[in-house]
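Enquirer: I need the structure of the sequence given here:
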Amino acid sequence: MTSAPKQKRRPRTTSKSQAAYDAVRERILDRTYEPGYRLVLQTIADELKCSVVPVREAIRRLEAEGLIEFTRNKGATVAEVDTELYLNTMQTLAVLEGTATALAAEHISADDVQAARNLNEQMRALLADFDPAEFTRLNTELHAVLYSDCPNTHLLDLVHRGWTRMDAIRVSSFDSIPARAHDSVAEHAELIEAIAAKKPTTEIEALARAHRMHTLNAYLEAMGRPASSL
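Expert: Numbering: from 1, shown residues only. Down below sits the predicted model:
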């Protein structure tokens, strides 16, 4: 007896609300919509060829994430960059990501270590003709490789939330402090080789935490603010 043929699954389609969310979020993050930009729902709906309803739902989600704020007489606008929130988020990531990277070091594969090396070399190649946006993208990818094998899923969730908040803040450190990129590449190399050599987790955590704090303090110095410490 032959079994009935399996029905092919229909490919999942993106809802109109999700499509509107993705489109508006991308425009905010790539600065098509600058901080303070007034969001006219009908205009966005016309551009996306949809009704106002999914755009309104997308705006509500983005407000909850801190990317959009409502102000009297202006309505929905792109949230201004919050330097204080950047400071707090970077301090938090220094602790959480440092610990996650140290715990992940015991489980990371040789292939992932090499992938991190390759990403760092791509970042090094950008130093001669600096591209802060691409450098930032590679930096985020490199760190994800180093902490993603952390066995503590709750800790990983907190790290991911921190990076999501960094997206919402929209402060690219390397836009403001391009000179920091050279030291960042050198610190990456030291951290990666410490992981490859199976150095003690306390040493790896200290390197990862110091790396994040060095970036924060370079940014604060550029803003004319005192250095932070943990």
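
Enquirer: how much space between the residue nearest to H107 when sequence neighbours are not counted and I192?
Expert: Among residues not flanking H107 along the chain, D149 sits closest, at 4.2 Å (C-beta to C-beta, 6 or more residues apart in numbering). The way it works is simple: take the backbone N, C-alpha and C, and place the C-beta from them, glycine included. Note on D149: its distance to I192, by C-beta to C-beta, to the nearest Å, is 14 Å.

Enquirer: For these two, work out which one has more neighbours and name it.
Expert: Looking at D149 and I192 with other C-beta atoms under 10 Å, you find the greater number of neighbours at I192, namely 22 against 17.

Enquirer: Return the set of buried residues in stretch 17-36.
Expert: S17, A19, A20, Y21, A23, V24, R25, R27, I28, Y33 (16 or more other C-beta atoms under 10 Å).

Enquirer: cool, stretch 136-153 as well?
Expert: Quick answer for stretch 136-153 (16+ other C-beta under 10 Å): T136, L138, N139, L142, H143, V145, L146, Y147, S148, D149, C150.

Enquirer: How about stretch 151-160?
Expert: Using 16+ other C-beta under 10 Å as the test for burial, stretch 151-160 gives L155, L156, L158, V159.

Enquirer: quick one: which of those residues sit in helices?
Expert: L155, L156, L158, V159 (DSSP state H).

Enquirer: Please report how far the residue lying closest to the second one once chain neighbours are set aside lies from A196.
Expert: Ranked by C-beta to C-beta, 6+ apart and with sequence neighbours excluded, the top spatial neighbour of L156 is C150, at 5.2 Å. Using C-beta to C-beta, one obtains 17 Å as the distance from C150 to A196.

Enquirer: Spell out for me which residue occupies the centre of this structure.
Expert: The residue lying closest to the centre of the chain (C-alpha atoms, centre = their mean) is W163, at 4.1 Å.

Enquirer: for the protein, what spans make up the strands?
Expert: Assigned by DSSP state E, the strands in the chain fall at 68-71, 75-78.

Enquirer: hey, least reliable of the ones you listed by pLDDT?
Expert: When the strands of the chain are ranked by mean pLDDT, strand 68-71 comes last with a mean of 86.

Enquirer: Who are the packing partners of that strand?
Expert: helix 52-64, strand 75-78 (3 or more C-beta pairs under 8 Å, 6 or more residues apart in numbering; DSSP states H and E).

Enquirer: any chance of these in CSV, plus mean neighbour count and distance to A181?
Expert: CSV is the format used below for the helices and strands packed on strand 68-71 (neighbours: other C-beta atoms under 10 Å; distance: least, C-beta to C-beta, whole Å):
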stretch, mean neighbour count, distance to A181
helix 52-64, 18, 30
strand 75-78, 18, 27
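
Enquirer: among the ones you listed, which is nearest L220?
Expert: L220 lies closest, by C-beta to C-beta, to one member of the helices and strands packed on strand 68-71: strand 75-78, at 24.1 Å.

Enquirer: returning to that earlier point: in contact with the residue nearest to L156, which residues?
Expert: A100, T101, L103, A104, H107, L156, V159 (C-beta atoms under 8 Å, 6 or more residues apart in numbering).

Enquirer: Mind giving me the ChimeraX select for the residues you listed, buried ones only?
Expert: For the buried members of the contacts of C150, the matching ChimeraX selection, counting by 16+ other C-beta under 10 Å, is:
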select :100,101,103,104,156,159
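
Enquirer: Most widely separated two among the contacts of C150?
Expert: Most distant of these, by C-beta to C-beta, are H107 and V159, 15.3 Å apart.

Enquirer: ok so, going back, what about the buried residues of stretch 17-36, which are in helices?
Expert: Residues from the buried residues of stretch 17-36 lying in helices, with DSSP H as the criterion: S17, A19, A20, Y21, A23, V24, R25, R27, I28.
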